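Novice: Let me see the structure of the following:
(one chain, ligands or ions: 1)
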Amino acid sequence: MIINKTGKIIDGLFMLGHSGVPVYLLDGDRPAIFDAGFSCLGELYVKEIRKVLGEREPEFCFLSHSHFDHCGAVSIFKKHFPGIKIVSSAKAKKVFERPNAIALIKQLNKASEPQVHDSMISQGEVNDFSRFEVDLTAKQGDVLTISDNTTVNVIETPGHTRDCLSYYIPEKKILISSEAFGVQDVTGHIYSDFLVDYDLYYNSMEKMVPLETRVICTAHAFVFTEKDAVDYKLNSLSACKTFLKLVERLLGEENGDIEKVKLRIKAAEYDGKPGFKQPEPAYLLNLAARINVVKKRMGEKKE
Ligand SMILES: [Zn+2]
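Specialist: Model (predicted):
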């Protein structure tokens, strides 16, 4: 099944807030949420978390990486749930300590507000991004206990960024991949988002393919279950190879001119696409990074 609406996914697992920038909630003795979406949706996430947990509070917020659309509401969670522990990779923690990074995260969160305007209206108060402390760093192989029969296992999945973590709950066969696999749009196209390194990104996906998976919670828009979860992993791998070939070909045709390649790819995979999309400034920044990764890799292969 492919799920694109917020609400219950399976017993004890929920997609909350806005399917384009969701927060996932894993219930248990020590409830956990995964990622923290946009700042402007903070109060909406809190409202929906409370609807599930009642008087109880989430004990962990596991961050997948340091991008603005995954950490936006952390300070709002800390305000409402004072005991919550924020978990990230050590690399992401370093990013959150840099004033320049904080300024950019704040600016991009602000710029995203028009995109989710309808969801914002329903929540009342709208907050800006504020800086926050990471309480716990996590690395490959770390295991955190949620309940007697539920653990969160940390997988390092660099490639989209260097600080990416994915989370696997083996007892329930749930994979919170976040952005380590591609991002699918409503037409079924999968954006391969290797912003720092193609091979790292591909290897990170391959590392997760053998994990027995009943549910994959992705970064944006979709949750895949059962056969669709297995297909999505394989489709992300092949989309990634196809995108590499396309960029290599276009770089050849345009004599390495990144701006020209950017326009051709944007026309093919972004312009006129329906459904929830990455905001254009963020898409263009990321697209330039993806093309640069391929260009650099082509240079290295030649040497
Ligand atoms: Zn990202």
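
Novice: which stretches of this protein form helices?
Specialist: 42-53, 68-71, 74-80, 90-96, 99-111, 117-121, 198-208, 226-253, 258-269, 280-302 (DSSP state H).

Novice: Any chance of these in CSV with mean neighbour count, distance to Gly17 and mean pLDDT as columns?
Specialist: Every C-beta, even on glycine, is put in place using the N, C-alpha and C of the backbone. What follows is those, written out as CSV (neighbours: other Cβ atoms under 10 Å; distance: least, Cβ to Cβ, whole Å; pLDDT from 0 to 100):
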stretch, mean neighbour count, distance to Gly17, mean pLDDT
helix 42-53, 20, 4, 96
helix 68-71, 26, 12, 95
helix 74-80, 21, 11, 97
helix 90-96, 19, 21, 98
helix 99-111, 16, 14, 93
helix 117-121, 13, 7, 69
helix 198-208, 18, 24, 97
helix 226-253, 17, 21, 96
helix 258-269, 15, 26, 94
helix 280-302, 15, 18, 89
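
Novice: quick one: contacts for the residue in the stretch 1-150 of the chain that the ion sits nearest to?
Specialist: Per Cβ to the ion, His67 is where the stretch 1-150 of the chain lies closest to the ion, at 3.5 Å. Neighbouring residues of His67 by Cβ atoms under 8 Å, 6 or more residues apart in numbering: 105, 161, 179.

Novice: Also within reach of the ion: list those from the residues you listed.
Specialist: Glu179 (Cβ under 5 Å from the ion).

Novice: Rebuild the helices of the chain as a markdown table, extending it with distance to Thr157.
Specialist: Output for these, formatted as a markdown table (distance: least, Cβ to Cβ, whole Å):
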| stretch | distance to Thr157 |
| --- | --- |
| helix 42-53 | 23 |
| helix 68-71 | 13 |
| helix 74-80 | 20 |
| helix 90-96 | 12 |
| helix 99-111 | 20 |
| helix 117-121 | 28 |
| helix 198-208 | 4 |
| helix 226-253 | 12 |
| helix 258-269 | 23 |
| helix 280-302 | 16 |
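
Novice: Which one of those lies nearest to Val21?
Specialist: Comparison of these against Val21 by Cβ to Cβ identifies helix 68-71 as nearest, at 5.5 Å.

Novice: Touching that closest one from outside, list them.
Specialist: Under Cβ under 8 Å, 6+ apart, the answer for helix 68-71 is 21, 35-38, 63-64, 96, 104-106, 108-109, 112, 129, 132, 178-179, 219, 282.

Novice: residues touching the residue nearest to Leu250 when sequence neighbours are not counted, list them.
Specialist: Distances taken as Cβ to Cβ, 6 or more residues apart in numbering place Val261 nearest to Leu250, at 4.5 Å, with adjacent residues excluded. Counting by Cβ under 8 Å, 6+ apart, Val261 makes contact with 247, 250-251, 254, 291.

Novice: among those, which are in reach of the ion?
Specialist: Applying Cβ under 5 Å from the ion to the contacts of Val261, none is adjacent to the ion.

Novice: what's the closest of these to the ion?
Specialist: Ile291 (16.7 Å).

Novice: For the residue in the stretch 201-303 of the chain that the ion sits nearest to, give me its contacts.
Specialist: Proximity of the stretch 201-303 of the chain to the ion (Cβ to the ion) peaks at Ala219, 6.5 Å away. With contact taken as Cβ under 8 Å, 6+ apart, Ala219 is in contact with 35, 64, 70, 177-179, 183.

Novice: And the furthest pair within the residues you listed?
Specialist: Maximum pairwise distance among the contacts of Ala219 (Cβ to Cβ): 13.5 Å, between Asp35 and Val183.

Novice: Now Gly182. Nearest residue, chain neighbours left out?
Specialist: Nearest one to Gly182, counting by Cβ to Cβ, 6+ apart, is Ile190 at 3.8 Å.

Novice: Contacts for stretch 81-92, please.
Specialist: Stretch 81-92 is contacted from outside by 46, 49, 57-63, 65-66, 74, 77-78, 96, 132-139, 144, 156, 161-165, using Cβ under 8 Å, 6+ apart.

Novice: That stretch: end-to-end distance?
Specialist: 22 Å (Cα to Cα, to the nearest Å).

Novice: For it, buried residues please.
Specialist: 81, 84-89, 91-92 (16 or more other Cβ atoms under 10 Å).

Novice: so where do the strands sit in the stretch 51-200 of the chain?
Specialist: Remark: strands assigned in the stretch 51-200 of the chain by DSSP state E, counting those that start in this stretch are 60-62, 85-88, 136-137, 143-147, 150-156, 165-169, 174-178, 183-184, 190-191.
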